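In: Provided below for reference: sequence and predicted model.
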Amino acid sequence: MKKWILFSFIFTLPFAAFAAPDEQSDYTSYIGALEELNNKKFSKIIIKELNDYLHRFPSADNLDDIHFKIATLYSDRKDKVRSFFTNLEVIYLYPNSRHVPIAKDRVRVLLLQEKKFRPLKDKVETVLNPATRDSTTESAYFAFIGDMVLYDLKSIRKLTIAACEKFLQTNPEMPRADAVLFWQAQLLEKDKRAAEAIAELLQLTYLYRNSVFATASKLKMAEIFTGRLKMHDKAMFALEEFILEFPEDPQAPYAQFKLAQIIEKKKKKPLEALEAYKAVAKNFPGSVEAVPALFEAARLYEDKFKEYDQAIRIYTEVVRDFPEDIKAPHALAEAARIYEKRLKDYFNAANVFFKVYGHYPESNIAAESLFAAADINEKKLKDYDKAIMYYRFVVEQYPDKKVASKASKRIVKLSKNLANLK
């Protein structure tokens, strides 16, 4: 057992720890001998050995030359994706290198000519002149990975994942390792490697408990669990854990809302979902999710339980508790619709439709709601005078709306009918 532990320890030590004083020179000569073969069949081997050189001798003074050789070999092999990626590495890691102008020219050509890089066509100068000019290699590579994640090019996703892994292996204790770990998980999920993404997120939550990404990782886990993996119970557990551990977090209302959605749409438990939706507004009344959650609760009351009075009550609460919310007039309109279509209570339906106009005359549904109030008074309540008055309000207040033309025609028709009756 002791021998195995010793062997494992030795195996994990950096290569440079064993480097003889002249090993760097010998390795350079070895690579040179490979290059002298001048045969394309050896290019993959040369690239591998050059990358190994970068790993073995991280403090060498010719790293930019070695890295640029790798970029050149990819360019010569017409490997446009790796050429793009590796030349960018040169630009980020060695901003003062004599190779940077050539690397920039290569990247510029690829950005302008290749379809796979077209999303960055309008960002050529930003890509070629990164804002970060950090003094350390670690910081420069962190900036490089961050920008690659930000650009989110599918063509370089696997290479960016590999770059994240390389960074984490080289700098596991670096303060920004948690960010790279989170980025890697995001990329793995997009690359349809959901299980690997979950593993990275779990690592983040356990090894970097105080990280600003710890909360985001739980939400991301829930998303992956219920999305690609269809492990809805695990997703629910992650969200419940998030709400319990971080009740004051700005994302807590979102977690509660997502929990309600999973309960309803994945677990098919509308009654539990109803309570979960209502909990959003109850526990997080100031959140942007509060009103949408109440709308979902009202929908369940109406569609699943046929409790129309309860649905109307919820919509009324929206107007009462969130009168300035953009959805408040829509809540009134929904209540009016239920009165009209579900309960056949035309008197209340007309009155509530009119309230949309009365309380929210500037809303985008005010004209249609006023027209609906007029229509119900005309056809259901037979209150023709009130119908004409409401139609006139439509024409006068909203002359540019489509319903204004319809309202004008109704006024003419009703006026004639009333004249004939007299």
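Out: Yep, it's here.
In: show me the biggest helix of the chain in terms of residues.
Out: helix 402-421 (DSSP state H).
In: could I have the CA atoms of it written out in PDB?
Out: Only the C-alpha atoms of helix 402-421 are listed here, as PDB (Å, rounded to 0.1, in the frame of the first residue of the first chain):
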ATOM      1  CA  LYS A 402     -58.300  48.800 -35.600                       C
ATOM      2  CA  VAL A 403     -61.300  48.400 -33.200                       C
ATOM      3  CA  ALA A 404     -62.100  52.100 -33.800                       C
ATOM      4  CA  SER A 405     -63.300  51.400 -37.300                       C
ATOM      5  CA  LYS A 406     -65.500  48.500 -36.000                       C
ATOM      6  CA  ALA A 407     -66.800  50.700 -33.200                       C
ATOM      7  CA  SER A 408     -67.800  53.400 -35.700                       C
ATOM      8  CA  LYS A 409     -69.800  50.900 -37.700                       C
ATOM      9  CA  ARG A 410     -71.500  49.600 -34.600                       C
ATOM     10  CA  ILE A 411     -72.500  53.100 -33.600                       C
ATOM     11  CA  VAL A 412     -74.200  53.700 -37.000                       C
ATOM     12  CA  LYS A 413     -76.000  50.400 -36.900                       C
ATOM     13  CA  LEU A 414     -77.200  50.800 -33.300                       C
ATOM     14  CA  SER A 415     -78.300  54.400 -33.900                       C
ATOM     15  CA  LYS A 416     -80.400  53.300 -36.900                       C
ATOM     16  CA  ASN A 417     -82.000  50.400 -34.900                       C
ATOM     17  CA  LEU A 418     -82.800  52.700 -32.000                       C
ATOM     18  CA  ALA A 419     -84.300  55.400 -34.400                       C
ATOM     19  CA  ASN A 420     -86.500  52.700 -36.000                       C
ATOM     20  CA  LEU A 421     -87.700  51.500 -32.600                       C
END
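In: which residues sit against it?
Out: With contact meaning CB atoms under 8 Å, 6 or more residues apart in numbering, helix 402-421 is reached by 367-368, 371, 374-375, 378, 384, 387-388, 391-392, 394-395, 398. C-beta coordinates here come from the backbone N, C-alpha and C atoms, glycine included.
In: average model confidence for it?
Out: What helix 402-421 shows for mean pLDDT is 89.
In: in stretch 250-260, what's buried?
Out: Residues of stretch 250-260 classed as buried under the neighbour-count rule (16 or more other CB atoms under 10 Å) are Q251, A252, P253, Y254, A255, Q256, F257, K258, L259, A260.
In: if you could redo that for stretch 163-180, that was the one I meant.
Out: Under 16+ other CB under 10 Å, the buried positions of stretch 163-180 are A163, C164, K166, F167, L168, N171, M174, R176, A177, D178, A179, V180.
In: how about stretch 392-405?
Out: Quick answer for stretch 392-405 (16+ other CB under 10 Å): F393, V394, V395, Y398, K401, V403, A404.
In: one more: stretch 414-422?
Out: In stretch 414-422, counting by 16+ other CB under 10 Å, buried: L414.
In: so how far is it from its chain's centroid?
Out: In terms of CA atoms, centre = their mean, to the nearest Å, the gap separating the centre of stretch 414-422 from the centre of its chain is 60 Å.
In: stretch 352-366 too?
Out: For stretch 352-366, the distance to the chain centre is 34 Å (CA atoms, centre = their mean).
In: what of stretch 137-149?
Out: Worked out by CA atoms, centre = their mean, stretch 137-149 lies 21 Å from the chain centre.
In: again, but for stretch 91-110
Out: That offset, for stretch 91-110, works out to 31 Å (CA atoms, centre = their mean).
In: on that earlier part again, flag whichever of the buried residues of stretch 163-180 scores worst on pLDDT.
Out: M174 (70).
In: that one is in contact with T136, isn't it?
Out: No. Here M174 lies out of contact with T136, judged by CB atoms under 8 Å, at a distance of 9.8 Å.
In: one step back: ok, the buried residues of stretch 163-180 vs D65, which is closest?
Out: K166 (19.5 Å; CB to CB).
In: name the nearest residue to E241, ignoring sequence neighbours.
Out: K218 (6.5 Å; CB to CB, 6 or more residues apart in numbering).
In: so T160, which state does it fall into?
Out: With DSSP: H, G, I helix; E, B strand; the rest coil as the basis, T160 sits in helix.
In: number of nearby residues for the residue nearest to it when sequence neighbours are not counted?
Out: Residue nearest to T160 in three dimensions, not counting chain neighbours: M148, with 4.5 Å by CB to CB, 6+ apart. Neighbour count for M148, taken as other CB atoms under 10 Å: 23.
In: can I get the buried residues of stretch 163-180 in TSV including secondary structure and distance to L204?
Out: Listed next are the buried residues of stretch 163-180 as TSV, based on DSSP: H, G, I helix; E, B strand; the rest coil; distance: CB to CB, whole Å:
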residue	secondary structure	distance to L204
A163	helix	17
C164	helix	12
K166	helix	18
F167	helix	14
L168	helix	11
N171	coil	15
M174	coil	14
R176	coil	12
A177	helix	9
D178	helix	6
A179	helix	10
V180	helix	10
